[in-house]
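S.K.: Quick one, what's the 3D model for this:
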Amino acid sequence: MEDKSSYRRILRSSSIIGGASFINIAVGLVRTKVLAILLGPIGVGLTSLYTGFVTTAGTFATLGVGTVGTRQIAEAFSKDDQHALYTARRAMFWGTMVLAAASTLVVWTLRRILAVFVLGNASYSSAIAWLSLGVALTVAAASQGALIQGMRRIADLARVTVFASVLNTVIGVTLLWWLGRRGLIAYVLIGPLMTFLLGHFYVSRLPKLETDAVTVVELAREWASLLRLGLAFVGATLAGSLVQLWIRIYVGKRLGTSSLGQYQAAWTISMQYVSFVLTAMASDYYPRLTGVIRNRDAASRLVNEQTEIAMLLSTPVFVAMMAMAPWVMHLLYSALFAPAVELLRWQVLGDVLKVASWPLGFVILAAGDGKTYFWAESVTNLLTALVVATLLPVLGLRITGIAYLVTYVFYLPLVYWLARRRIGFHWSRAVLRLVAVAFVACTAAGSLALLSRWGIVIGCALAVWFGVFALGRISHMSAISGPIGRLGEIARRFSGEKRS
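M.R.: Numbering: from 1, shown residues only. Predicted coordinates:
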């Protein structure tokens, strides 16, 4: 028997965060389009190095506070323990202040060394010095996001995402239009700044807590708990960020900045259109899974439910992207980015497996097994680097897309095995069938699109059919009533899905 209320909750959080992510994607694509037109592939490539540096350094500097802090806040909030919640909030506040200040000082001090390592020239040291502010803002914003998410303020989290994206685009595009390449540093810094300011606004609106004062011993204990899992998480995340940064540096050095821009274009599209599913998953599913992780049956059921919803929401987009990749690339960038189409198709196939694997990866985090999570993520990222380093001289730029698919061909069975050991997990037949059909359909759509224009039409038709099927299935699983429910029933009949 399907749990209708659980599906409805997953769908609700997915719709709120997914809707915000969709707006963020649309606005971000406009921002990227302007960047591509004004500065071309070289400007896109340089921007990717700047943003990649801020992301990597910010990931290291937060020490996992964003993810692990969410777990601590959510646990205290679910128990309605005011003192524990207040302790967690104060620990995150003071810890974030220290981490932000320390990260700024370290990056500024090492600016010449980092400029040579990241950008290949010490003359970029002033740019690195300015980017140290972006690192500090990223640390602060991560702490704010953890607090908002842990207290289940999903709507506020969505508002921060949307408003920050809009302001980032308006201000950033204006600066690029006015200053050209001289405005790139400010363009990169606007995003973290807007996220921090909006995060501060919504955190200030959270209910005030009435409890006893927190002692230094309690703060120290809270930080010990945060760091125990946080260091493992940040180590794994840092490994992924470093690998992506290394790939950009390696591609730029071996194939040129223009090829780096091609890689960044495919990567940006791939990450943005799938982020609405993955962000929604992290926002509500992770805290819920933490609460039931010791109940093997409940945890397994939740993983299957989340995977099915995620695949249903994303598969129509996957199939459409495989069919229309050339048009999408030309629309979002320009004709100069045609070589990125092949990379995008390889990455879409990898994204199918990525969406299927993410709910399983959260099982390790929810169980608090930091060591296992670290090794699983690190080994997978090292595999990506090994494939690119070995085959890029032979296959050229296309290997970056192939390596992405290889990564998740390896990662999906790995996390499935780990989840089976931890909670006795097994995919339901519906989920297993859905993942297999999605991968085959994407492969078919991409292959047909390469043969003729009629193949593109067939691929688009297949995407529409999947969309109709997904609507009917989701409507049935969540027992939605009203106009949407009636539309879902029509979709079920049209797609040929049997009643259960």
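S.K.: Poorly predicted segments of the stretch 401-500 of the chain, please.
M.R.: Along the stretch 401-500 of the chain, the parts satisfying pLDDT under 70 run over 476-500.
S.K.: residue boundaries of the helices in it?
M.R.: 429-451, 453-478, 482-495 (DSSP state H, counting those that start in this stretch).
S.K.: what's the answer for the stretch 251-400 of the chain, then?
M.R.: According to DSSP H, counting those that start in this stretch, the helices that the stretch 251-400 of the chain contains are 257-280, 286-292, 296-332, 340-366, 370-395, 398-423.
S.K.: can you redo those helices as JSON lines with distance to Val106 and mean neighbour count?
M.R.: Bear in mind the C-beta positions are built from the backbone N, C-alpha and C, glycine included. JSON lines is the format used below for the helices of the stretch 251-400 of the chain (distance: least, CB to CB, whole Å; neighbours: other CB atoms under 10 Å):
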{"stretch": "helix 257-280", "distance to Val106": "26", "mean neighbour count": "22"}
{"stretch": "helix 286-292", "distance to Val106": "30", "mean neighbour count": "20"}
{"stretch": "helix 296-332", "distance to Val106": "36", "mean neighbour count": "21"}
{"stretch": "helix 340-366", "distance to Val106": "27", "mean neighbour count": "24"}
{"stretch": "helix 370-395", "distance to Val106": "22", "mean neighbour count": "17"}
{"stretch": "helix 398-423", "distance to Val106": "30", "mean neighbour count": "20"}
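S.K.: In a markdown table, list the ones you listed along with distance to Gly134.
M.R.: Shown next, in a markdown table, are these (distance: least, CB to CB, whole Å):
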| stretch | distance to Gly134 |
| --- | --- |
| helix 257-280 | 18 |
| helix 286-292 | 26 |
| helix 296-332 | 24 |
| helix 340-366 | 26 |
| helix 370-395 | 23 |
| helix 398-423 | 25 |
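S.K.: quick one: which of the ones you listed is nearest Val116?
M.R.: Smallest distance to Val116 across the helices of the stretch 251-400 of the chain (CB to CB): 16.7 Å, for helix 257-280.
S.K.: Quick one: residues contacting the residue nearest to Val44 when sequence neighbours are not counted.
M.R.: Closest residue to Val44 apart from its sequence neighbours, by CB to CB, 6 or more residues apart in numbering: Gly261 at 4.2 Å. Counting by CB atoms under 8 Å, 6 or more residues apart in numbering, Gly261 makes contact with Gly40, Pro41, Ile42, Gly43, Val44, Gly45, Ser48, Phe337.
S.K.: The helices of the stretch 401-500 of the chain into TSV, with extra columns for distance to Met329?
M.R.: Below are the helices of the stretch 401-500 of the chain laid out as TSV (distance: least, CB to CB, whole Å):
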stretch	distance to Met329
helix 429-451	13
helix 453-478	13
helix 482-495	30
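S.K.: Among the ones you listed, pick out the one with the most neighbours on average.
M.R.: helix 453-478 (a mean of 19; mean count of other CB atoms under 10 Å).
S.K.: still on that earlier bit, of all the helices of the stretch 251-400 of the chain, which one comes closest to Trp223?
M.R.: Distance to Trp223, taken as CB to CB, is lowest for helix 370-395 among the helices of the stretch 251-400 of the chain, at 15.1 Å.
S.K.: Report the distance from that closest one to the chain centre.
M.R.: Relative to the centre of its chain, helix 370-395 is centred 18 Å away, using CA atoms, centre = their mean, to the nearest Å.
S.K.: now it against helix 340-366, angle please.
M.R.: 170 degrees (axes from the mean of the first three to the mean of the last three CA atoms, to 10 degrees).
S.K.: Mean confidence (pLDDT) on helix 370-395, please.
M.R.: The average of the pLDDT scores along helix 370-395 is 91.
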